[in-house]
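*Asks:* just to be clear, the model below is a prediction. Sequence and coordinates:
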Amino acid sequence: MKKRLTKLKKKALLSVFLLCIFMQQTYAQEQLTVSGTVSDQEGVPLPGASVVVNGTQRGTTTDFDGNFQLEGVPPDGMLAISYIGYAEKIVDVENRTSFDVVLEEDTALLDEVVVIGYQSVKKSDIVGAVDVVDTEEMLKAPASNVGQMLQGRAAGVTITSTGTPGASSSVKIRGLNSFSGQDSPLYVVDGMLINSLGADFNPNDIESIQVLKDAAATALYGSRGMNGVVVVTTKKGQPGPLKIDYDFYYGFQTIAKKLPLTNAAQFIEINNLAYTNNGDPVQNLRRGVDTDWQEALFKTGTISEHNLNFSGGAENSNYFISLNYYDQEGAIVGPEFDRYQIRVNTETRKGPFTFGENIAMSRSNQTRVNGNPFIDVVWMLPTIPVYDDTNESGYGYGDDNNSTFATNPIGLQEHYSNTSVTSKVLGTVYAELDIFPFLKYKLNLGLDYAQIREKYYQRAGALRQNTPGAAFLDDRHTEFFNILAENTLNYNQEFGKHSISALVGYTTQKDNFTFNLAHTEGLNGEFWVQDNGTSSPLTAGREEVAGLRSILGSVNYSFDDRYTLLLNFRRDGSSRFGENNQYANFPSVSASWRISEESFMEDSNIFSNLKLRGSYGEVGNQAIGNYATQSALRYNQNYVLNNQVVSGATNLQLVNPNLRWESKTTTNFGLDAGFLNNTLNLTADYYVANVKDLLLAVPIPLSSGNTGENPLANVGQVQNRGLELSLSYRNSINDFNYGISANGTFLKNEVKALVEEAGNLPIFGQGQILRTAVGEPVAAFYVLETAGIFQDQAEIDAWGVQPDASPGDVKYVDNDGSGDINFDDRYVAGKALPDFEYGLNLNVSYKGFDATAFFAGVAGNSIFNEQKWWSQRYDDNANYLVDDVYWTGPGTSNVIPKPIHADDTQNPVQASDRYVEKGDYFRLKNLQIGYALPEDVIGKIGLAKLRLYLTGQNLFTITDYTGYDPEVVGANGNGDFLNRGFDNGNFPSLRSGIMGIQIGF
């Protein structure tokens, strides 16, 4: 029986085998072997062109002469022929075996329409310095805000970010252009003009981003164009049935670096030596405690995001609806952030009318970082426990035997509560009328509304030595209500080889701001509401209104797609300035010559595009408070008059009614070049920008009658000069596609003038360490110069200018020749702004697989490392670094002085170049690997797209900086020029590992 079954199995297998052979022979008989050539419109062969049986993976490439041969082609099939820089062509086989295919140049890149303000133009017609960001690559990097995504992707744009959940990024375009701190770019989101674009905006809704950099591009924004403009256009639906996309990712985030701090035993050894070296008795440090403050503060954070989009449309309408939820739990104890957003973008056309809106509504919750925990983990002693029940707060901190004035960083986050809830509406509603085919009117109404509720609750109990820990509650309510109304007429007409487009417009914008504060003390327990307070109630508040009224115009003339002339003009009137300077004019002129369209370039096999650009223009900045030119009085002030106490008023703040706008004139020369049918593209811009009438609060004495903030004055001039380069290359070999893009920016920044009436005296920033002076870069580090460590008394005697020093002390240079070391011996040891910034993006794909790697870096800047200052100053007890080789005798160290617990007059405390470090770094910002399942597989389960991916962020950094992170925003997270490059607890960028899925229906 078994033998019979075995024979039957063998016969069955043989039958199947024969059937397969028969089917294979039949299949082979039905297939064709085809051949042919692929060339361009001039008859030039295209080697390496891809020839694929459409809808399959079967294909080949052309040889050096453009010839190809392909077997197994169905007689009723189609061939897909493609070549980088040319439009793909589909050819029906129709039982033929020979083909001669001519490909046409793909002008999609040059014909791509981009929004550069109040107009949409073809990319090839751009005259000014405009970066069109590759949003497809940008959106591959999960991020909470647009700034993080933009970093390194546009030449001339400096972006620094932190790992703080919900924090905005610092964005600077073409250097530092303002002293006022209001030097961030203007953002234009679907036609709405706003001053910032933070984490309450969902960047996944972005369709395109253009960065406008020179005056030719930004002059139409006049008084708000000085710091550059970022134009954001959100997604719209496309004609067709309902399309549903769902994206989700989840990941983990950690702080990539820990400082090598001493443990308790190591700390006690060095600390005892420091006290002994000063002739003091050693501290009675607590034994049996060994706290790793970094380990206690740092943790593994999480990040996740859900995006659900619905889109579609018909012939005369479209819609896009998105739902978003973003959640980030910080990589240290305490901070968190989450965001909910819904967006509705629709557009309808009826006859000559078009109506639409782009509206986003969001609500975000943020638990903020308290204090400077990344300083306190260095400052706190390992002999102090995190928690201590003997203290009212329940947290450990310095005492008489473990003296330090650091604040418990864990208690800062857990014992204090600092939260904010932001509800926001941002969007535009518009209507267009096609008066004639060449003339269009548009009414654009915009709204930027935000309501912010902040609560800061400090529970009872101290967290710092000799510092009271009274309980109190601050409850703040802030409301922004900003509206925009724009009326514009657009004219577009062609007359043979002549093309004219023109724009005129009238706009008004009104900003309303209200603020209320309630404060109370004496709260008990966890019931932290205002009416639970028992003492010191306080209320405060204010309301401000500002307005801007503008007219604008633009004329763009082009001849034969070769020569272009663009004139822009805007006149702004601002309520922030006095009558003498309330209005200002902002003109620009620019021109381009598209050399590649000239007849003498017809035979060129090198350039597929070549254009020269030049521009000159003026833009401004109204970077002052709403009432900076109006005097204010403080009432309820008591005076003695005729021996009687009477109530009166006093001047609150002196003002300058003649304040002028900050203004910047820019000269820009640019080159756009495309090679090898635009597979290789180069853009270069050289510019000189002169900024004048810079606004700054100038310190004046109280005797002058000024009791409030320092009054503003137009104080100086700054020049920024730079060279920006962008290079990209893309190609494919059969199913293998690859591309590389890089950009680099060289920048030189110099102060030309300051307050002339005060003798052009320098302006000092953080701790008088950052200095801005004539002839120097903005934000230079001005510190004492060191020359090593004194090794013996003979060296001290020979040096001559530090007679009170002892062996092991720092040796300082007497730069002013006065015979002693003082403030005037300081010198410029570096600057906050880098000389060179760059970004590099690599991407490849093969069938369903894809990978992208994005790198970014800077060179030529410096950072003041306050963590190192605390660990090496010795006068105020702080932790030490294990790998510090400090001086213990002649020849042991010429870098780090001997530990000595001395008062702050001793030399280790001085701000010197010992703490100024190179800020250069090279970082892998984003690495992503993905796989999209084949359509014929996912189509069986009703899906249009299914892609899985893994992403790593900040996987490695090459740098000599010894702090946590070389990507430093500035002191206290402030990116203004006075604090730039000062690391006093900058929250470092996070290392992330993320898994994601993208599904389409």
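*Replies:* It's in.

*Asks:* not counting its neighbours along the chain, what's nearest the residue most central in space within the chain?
*Replies:* Residue closest to the average C-alpha location in the chain (Cα atoms, centre = their mean): residue 147, at 2.7 Å. Residue nearest to residue 147 in three dimensions, not counting chain neighbours: residue 169, with 2.7 Å by Cβ to Cβ, 6 or more residues apart in numbering. Where you see a C-beta, it was placed from the backbone N, CA and C, and this is true even at glycine.

*Asks:* what about the one you found, neighbour count?
*Replies:* Residue 169: 24 surrounding residues under other Cβ atoms under 10 Å.

*Asks:* who's in contact with it?
*Replies:* Shown in contact with residue 169 (Cβ atoms under 8 Å, 6 or more residues apart in numbering): 145, 146, 147, 148, 150, 151, 159, 160, 161.

*Asks:* check the gap between it and residue 399 for me.
*Replies:* 40 Å (Cβ to Cβ, to the nearest Å).

*Asks:* what sits against the residue nearest to residue 992 when sequence neighbours are not counted?
*Replies:* Ranked by Cβ to Cβ, 6+ apart and with sequence neighbours excluded, the top spatial neighbour of residue 992 is residue 953, at 4.0 Å. The contact partners of residue 953, by Cβ under 8 Å, 6+ apart, come to 141, 142, 925, 926, 927, 990, 991, 992, 994.

*Asks:* farthest pair in the residues you listed?
*Replies:* Put simply, by Cβ to Cβ the two of the contacts of residue 953 set farthest apart are 927 and 990, 14.6 Å from each other.

*Asks:* more neighbours: which of these two?
*Replies:* The residue with more neighbours, out of residue 927 and residue 990, is residue 990; 25 against 20, by other Cβ under 10 Å.

*Asks:* can you check the pLDDT for that one?
*Replies:* pLDDT recorded at residue 990 is 94.

*Asks:* same check on residue 733?
*Replies:* For residue 733, the predicted pLDDT is 85.

*Asks:* list the contacts of it.
*Replies:* Taking Cβ under 8 Å, 6+ apart as the test, what residue 733 contacts is 48, 50, 61.

*Asks:* I'd assumed residue 65 was in contact with the first one.
*Replies:* This points to residue 48. No. Assessed by Cβ atoms under 8 Å, residue 48 is found out of contact with residue 65, at 11.4 Å.

*Asks:* all the helices of the stretch 701-850 of the chain, residue numbers only.
*Replies:* 793-799 (DSSP state H, counting those that start in this stretch).

*Asks:* what ranges in it fall below the confidence cut-off?
*Replies:* 701-710, 756-759 (pLDDT under 70).

*Asks:* please redo it, this time with the cut-off set to 90
*Replies:* Residue ranges of the stretch 701-850 of the chain with pLDDT under 90: 701-717, 731-737, 753-768, 770-773, 778-779, 803-804, 819-820, 822-823, 833, 847-848.

*Asks:* got the phi and psi for the residue nearest to the centre of the chain?
*Replies:* Main-chain dihedrals, residue 147, degrees, to the nearest 10: phi -60, psi -40.

*Asks:* was I right about it contacting residue 167?
*Replies:* No. Using Cβ under 8 Å, residue 147 is not in contact with residue 167; the gap is 9.6 Å.

*Asks:* so what sits against both of the two?
*Replies:* With Cβ under 8 Å, 6+ apart as the test, residue 147 and residue 167 both reach residue 161.

*Asks:* when residue 48 and residue 65 are compared, which one has more neighbours?
*Replies:* The neighbour comparison of residue 48 against residue 65 (other Cβ under 10 Å) goes to residue 48, with 16 against 12.

*Asks:* coming back round to it: inside helices: which ones of the contacts of residue 169?
*Replies:* Counting by DSSP state H, the contacts of residue 169 place 146, 147, 148, 150 in helices.

*Asks:* what is the nearest of those residues to residue 330?
*Replies:* Out of the ones in helices among the contacts of residue 169, the member with the shortest distance to residue 330 (by Cβ to Cβ) is residue 148, at 15.3 Å.

*Asks:* how many neighbours does the closest one have?
*Replies:* 22.

*Asks:* next: residue 31.
*Replies:* 15.

*Asks:* and for residue 513?
*Replies:* For residue 513, using other Cβ under 10 Å, the count is 16.

*Asks:* likewise for residue 456?
*Replies:* Using other Cβ under 10 Å, residue 456 has 18 other residues around it.

*Asks:* likewise residue 590?
*Replies:* Count around residue 590 with other Cβ under 10 Å applied: 26.

*Asks:* and it, its phi and psi?
*Replies:* The phi/psi pair for residue 590 (degrees, to the nearest 10) is phi -150, psi 160.

*Asks:* hang on, it packs against residue 667?
*Replies:* No. Between residue 590 and residue 667 there is no contact under Cβ under 8 Å: 10.5 Å.

*Asks:* contacting residues for residue 337?
*Replies:* 144, 165, 166, 199, 326, 327, 328, 330, 364, 365, 366, 367.

*Asks:* repeat that for residue 630.
*Replies:* Residue 630 touches residue 655, counting by Cβ under 8 Å, 6+ apart.

*Asks:* about what we covered before: among the contacts of residue 953, who's most crowded?
*Replies:* Going by other Cβ under 10 Å, residue 926 tops the contacts of residue 953 with 27 neighbours.

*Asks:* give me the element that one is part of.
*Replies:* strand 921-932 (DSSP states H and E).

*Asks:* one step back: return the subset of the contacts of residue 337 lying in strands.
*Replies:* 326, 327, 328, 364, 365, 366, 367 (DSSP state E).

*Asks:* of all the ones in helices among the contacts of residue 169, which comes closest to residue 350?
*Replies:* residue 146 (33.8 Å).

*Asks:* ends of stretch 168-187, how far apart?
*Replies:* 14 Å (Cα to Cα, to the nearest Å).

*Asks:* next secondary structure after the helix or strand of the chain with the lowest mean pLDDT?
*Replies:* One helix or strand of the chain scores below all others by mean pLDDT, DSSP states H and E: helix 2-30, with a mean of 42. Sequence order places strand 32-39 as the next helix or strand after helix 2-30, per DSSP H and E.

*Asks:* what packs against that following strand?
*Replies:* Judged by 3 or more Cβ pairs under 8 Å, 6 or more residues apart in numbering; DSSP states H and E, strand 32-39 is in contact with strand 67-73, strand 98-102.

*Asks:* select, out of these, the one closest to residue 440.
*Replies:* So among these, strand 98-102 is nearest, using Cβ to Cβ, at 38.1 Å.

*Asks:* quick one: contacts of the closest one?
*Replies:* 34, 35, 36, 37, 38, 39, 40, 41, 79, 81, 89, 91.

*Asks:* most neighbours, which of those residues?
*Replies:* Ranked by neighbour count (other Cβ under 10 Å), those have residue 38 at the top, with 27 neighbours.

*Asks:* that one bridge partners, please.
*Replies:* residue 101 (DSSP bridges).
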